[in-house]
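> after the sequence you'll find the predicted model.
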Amino acid sequence: MHRLLLPALAATSLALLSFGATGARAEDYRVSGPFTHENLSIYLIHGKSAEGRVPLTLDEALAKRAVRVHETGDVNQLSVENLGDEDVFIQSGDIVKGGQQDRALTVSMILPPKSGRVPLAAFCVEQGRWTARGREDVKTFTTASAIVPSREAKLAMKAPTAGIAVPLAAPSPAPRLNPGLAYSDTSEPDTSTRQQSVWKRVQAIQERLSERVGVPVAAPTSRTSLQLALENEKLRDLQAAYVKALEEAGTKDGDVVGYVFAINGKLNSADVYPSNGLFRKMWSKLLRASVTEAIGEKDAAGRGADTLDRRRDGVPRRRHEGQIDRKGAARRHPARNAHRRQIALLRNAPERRLGPPQLSGDGDTMGAAHRRVTPVG
């Protein structure tokens, strides 16, 4: 199964990641796993880390007050400023909390020290509010502790801009911010449509989570805030079992640079980084987003529609009552090999199943700092 994963990922330039265009190949990477809990399966991508200092994450930089994310009064544009002496990594999908509305960022980039104010594309994930929330500063954003936990919402935010060629052969040779590319032009006629779609996706996330948690996850202080919904205590209680079962897998090896995850037996998306150091910094937040999405995709009985389990030999199988016959042999079941079939499809027709990488903003903005692949099929 692992041999089938890498060709599919390589076809979407996942195996060409480094801080410089080093010509990394698919065979330079290996995949381990799956590591499974209930309906969530994690595959880890192992590879050589790029040399150099690991940048701060946006959340780290905000906590140190080394970065300021400023409100601009434009729903789809913020500005960010690195005041410190270290590079700061910003990931597409990061949710910044505060301002006049919580926002989800739509670009991944390395923000250099003393950057000055740089425009930053974003989508609102808190419909309706346009005033201060409690004692929060309406002019700035305070944390970036969560990532949008929805494949559909990511696709809505990162719909490719018409006329922009997405690079498939190799990453940009320059990993640092190009200010001219940091911000996707929100004058595009489809921005308003995409924003409406994002709001619908946020509402759907909250509704699904409320059903699975058993109580409304919307916060009284702002019922449309995705960030506040993700802070719900009952939701965190459900997340705990997943995190306990899966978190260690991402930290025990020193060569893990990315991961792929599947929910209910279906590949969802992947994130790959130039180094193990940056992956480790992002891992907890990435895992919680994947866990949240998996919780939302469970059925009413608390099971995934196609739940992955593992035999003692580590081979994934599906749990299904009555699946084992009297001789102990597994009966055929329509869902049994769904995961393997999908990976085989990815191998045989990667362009059709994955399409081009769903990059944030302009393709070159991503540089070589981070790549995300979100299947569109």
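Noted; the coordinates are in hand.

> any low-confidence regions in the chain?
For the chain, the stretches with pLDDT under 70 are 1-26, 159-189, 300-377.

> please enumerate the helices of it.
Using DSSP state H, the helices of the chain run over 2-10, 58-63, 151-157, 191-213, 226-230, 233-246, 276-296, 338-348, 350-354.

> show me the contacts for residue 46.
Residue 46 is in contact with 29-32, 253, 255-257, counting by CB atoms under 8 Å, 6 or more residues apart in numbering. Quick note: C-beta positions are derived from backbone N, CA and C, even for glycine.

> residue 263: which of those residues is nearest?
The shortest approach to residue 263 among the contacts of residue 46 belongs to residue 31, at 17.5 Å (CB to CB).

> for the helices of the chain, which one ends up most surrounded?
Counting by mean count of other CB atoms under 10 Å, helix 226-230 has the highest mean neighbour count of the helices of the chain, with a mean of 25.

> outside of that one, which residues touch it?
By CB under 8 Å, 6+ apart, helix 226-230 touches 95, 97, 102, 104, 125-126, 146, 148-149, 202, 205-206, 209, 217-219, 221-222, 235, 292.

> check contacts around the spatially closest residue to residue 209 that is not a sequence neighbour.
Nearest non-adjacent residue to residue 209, counting by CB to CB, 6 or more residues apart in numbering: residue 217, 4.8 Å away. By CB under 8 Å, 6+ apart, the contact list for residue 217 reads 206, 209-210, 229-230, 232, 234-235.

> circling back: in a markdown table: the helices of the chain, plus distance to residue 43.
What follows is the helices of the chain, written out as a markdown table (distance: least, CB to CB, whole Å):
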| stretch | distance to residue 43 |
| --- | --- |
| helix 2-10 | 6 |
| helix 58-63 | 25 |
| helix 151-157 | 16 |
| helix 191-213 | 24 |
| helix 226-230 | 24 |
| helix 233-246 | 11 |
| helix 276-296 | 11 |
| helix 338-348 | 10 |
| helix 350-354 | 15 |
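
> out of those, which comes closest to residue 112?
Residue 112 lies closest to helix 58-63 among the helices of the chain, at 12.2 Å (CB to CB).

> by contact count, what packs against that closest one?
strand 67-74, strand 88-90, strand 94-98, strand 140-147 (3 or more CB pairs under 8 Å, 6 or more residues apart in numbering; DSSP states H and E).

> dump those strands into TSV; add mean neighbour count and distance to residue 282 as well.
Shown next, in TSV, are the helices and strands packed on helix 58-63 (neighbours: other CB atoms under 10 Å; distance: least, CB to CB, whole Å):
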stretch	mean neighbour count	distance to residue 282
strand 67-74	18	16
strand 88-90	26	8
strand 94-98	25	10
strand 140-147	21	9
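
> out of these, nearest to residue 44?
Among those, strand 140-147 comes nearest to residue 44, with 17.8 Å by CB to CB.

> can you pull the buried residues of stretch 120-137?
For stretch 120-137, a neighbour-count test (16 or more other CB atoms under 10 Å) marks 120-127, 129, 133, 136 as buried.

> so which of the helices of the chain gets nearest residue 267?
Using CB to CB, the nearest of these to residue 267 is helix 338-348, at 5.9 Å.

> what's around residue 85, how many residues?
For residue 85, the neighbour count with other CB atoms under 10 Å is 8.

> quick check: phi and psi on it?
For residue 85, the backbone dihedrals (degrees, to the nearest 10) come out as phi -110, psi 10.

> do I have it right that residue 284 meets residue 246?
No - with contacts counted by CB atoms under 8 Å, residue 284 stays clear of residue 246, the gap being 10.8 Å.

> just checking, residue 257 touches residue 277?
No - applying CB under 8 Å, one finds residue 257 not in contact with residue 277, separated by 9.5 Å.

> mutual contacts of the two, please.
residue 49.

> from residue 84, how far off is residue 194?
Separation of residue 194 from residue 84 (CB to CB, to the nearest Å): 32 Å.

> would you mind confirming that residue 134 makes contact with residue 221?
Yes - at 6.3 Å, residue 134 counts as touching residue 221 under the criterion of CB under 8 Å.

> picking that back up, okay if I get the helices and strands packed on helix 58-63 as a markdown table plus distance to residue 48?
Below are the helices and strands packed on helix 58-63 laid out as a markdown table (distance: least, CB to CB, whole Å):
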| stretch | distance to residue 48 |
| --- | --- |
| strand 67-74 | 29 |
| strand 88-90 | 19 |
| strand 94-98 | 26 |
| strand 140-147 | 25 |
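
> wait, which of those is closest to residue 40?
Nearest to residue 40, of all the helices and strands packed on helix 58-63, is strand 140-147, at 15.1 Å by CB to CB.
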